[in-house]
Structure formats: C-alpha cells, structure tokens
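Engineer: the following comprises the amino acid sequence and a computationally predicted model.
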Amino acid sequence: MRRINAFIAAFAMTLLTVVPAQAQLSTGIKGGLNLTNNYLSDFSAAGVSNTLSAKNMTGFFIGPTAEFTIPIIGLGLEASLLYSQKGSSYDIDLGAASFTVKDKVHYIDLPVNLKYKFSLLLAGAYVSAGPYMSYAISGKRSLSDMVGITTGEINKSNFYDDVDFGINVGAGVELLSHLQVGLQYSWGLNEAAKNEITNGSLGGAVSNFSAKNRVFSVTAAYYF
C-alpha cells in the first residue's frame, strides 16, 4: 500500500512541477488492449532435454490521463495512472513432460511521455516517447497438463519483482480534438519475472528463467 501511495504522489508531482505555466491542460480517460510477450534469459533445466517458447498474453488497461501541450509548437507532456493487465504464456517441453504456464499479473502503471502533435491531412497526428514505472499488485498462475497443480493466486514476490520500469514509444491520430487512437510499444528494462517451474515427479525444480516485459498496445484516449 505504501508503494501505491508513492506512485500516486509521483503522478501528482509530475502534474505540478514539470509542465510549463503557458501549457494548455486537458484531462480525460485512457484505455486499450495489451498484447504482452517476454524477452527470456537465463533459462536452464536440471538434467533434462528442454524447449521453451513464449506466446502472447492479452489483457487490458484503463485509467485517468492528463495532457499538457504548449500552443503553436505542438510539444507537450502526457502522464497517466493506469490499471494494467500484463503477463506471460510459455509452452515448456521437458522430454518426460510438457506443459503450458500462464501468468496474468495486475499492475498500476505510471507512464510519462513527451508528445509532439502535428497536422496530417484531415486529422491531427502525434508521436510520443518516454519512461514508465509499474507496480505489481497481484497475479494468477495456471498450469495445464501437469499432474497435481491447479490454477490459483500466486505469491507474486516468488515470481515477480514489485516494480517494473522501461520505455514507451507510440504514434496515433487525433479526431475532433478530443479522441486519440494509437499504437504503442513498451520495452521493459527490468527483469520483471523470475520463474522456477517445479515438478516433483522429475525431481524438484526442472526449469528456471527470467523475463522482461515486451508490450504492444492499442490505445484510445478521450480528453474532455
């Protein structure tokens, strides 16, 4: 809870301190679809042949957003506070057994993007880039085709770091001065997930790997 409060305080400080006084302020709501995959590293298995392939995991995000734009030049700042679903899905073949691991993790995201707006034919357009920070609040893991293990809440501290961070880049169009629709890609820089897959019939822990979030998002924002 203390870390969530720190996120909210950081969001408020962003609004109060980093925006020029002459900027125009718009507030609204932002949401969309996340398609998450993971960059895997440090994969190992204990004495068995193995293959591991990551698949996309879908989720959504939603929350308040604020945009500050300097008139005439079109340069500004966008900051949001979002509830966001991310996760991972892996097919793992260990020779003696194969199974699928699916994690869905719930985050509070704080992205702060530098944004440049310009005219494009009959509509406006924008490009954006900037950092984000995320706090993992809960998660659920399911495993299929694996004896004795069922879907349930995971102790996220065993599998995921509380904090993730990285860089966003995006682009989109602005319609009727209120609606913005775009695409965004996020590179996670932190090892958000550190997984150990355990199967007692194979002698305990049989695979270990770490992963960084890679998220492709379809976004929509409406500014009042």
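Structural biologist: Looks like it came in fine.
Engineer: what pairs with residue 115 across the strands?
Structural biologist: residue 76, residue 128 (DSSP bridges).
Engineer: now residue 215: how far from residue 76?
Structural biologist: Distance of residue 215 to residue 76, computed by C-beta to C-beta, to the nearest Å: 23 Å. The way it works is simple: take the backbone N, C-alpha and C, and place the C-beta from them, glycine included.
Engineer: ok, residue 221 next?
Structural biologist: 13 Å.
Engineer: cool, residue 161 as well?
Structural biologist: 31 Å.
Engineer: more neighbours: these two, which one.
Structural biologist: residue 76 (23 against 17; other C-beta atoms under 10 Å).
Engineer: what is the neighbour count of residue 101?
Structural biologist: Close neighbours of residue 101, defined as other C-beta under 10 Å, add up to 20.
Engineer: kindly report the same for residue 115.
Structural biologist: Residue 115: 20 neighbours (other C-beta under 10 Å).
Engineer: now what about stretch 214-224, what contacts it?
Structural biologist: 26-39, 61, 65, 67, 86, 170, 172, 178-188 (C-beta atoms under 8 Å, 6 or more residues apart in numbering).
Engineer: quick check: buried residues in that stretch?
Structural biologist: Neighbour counts over stretch 214-224 (16 or more other C-beta atoms under 10 Å) mark 214, 215, 217, 219, 221, 223 as buried.
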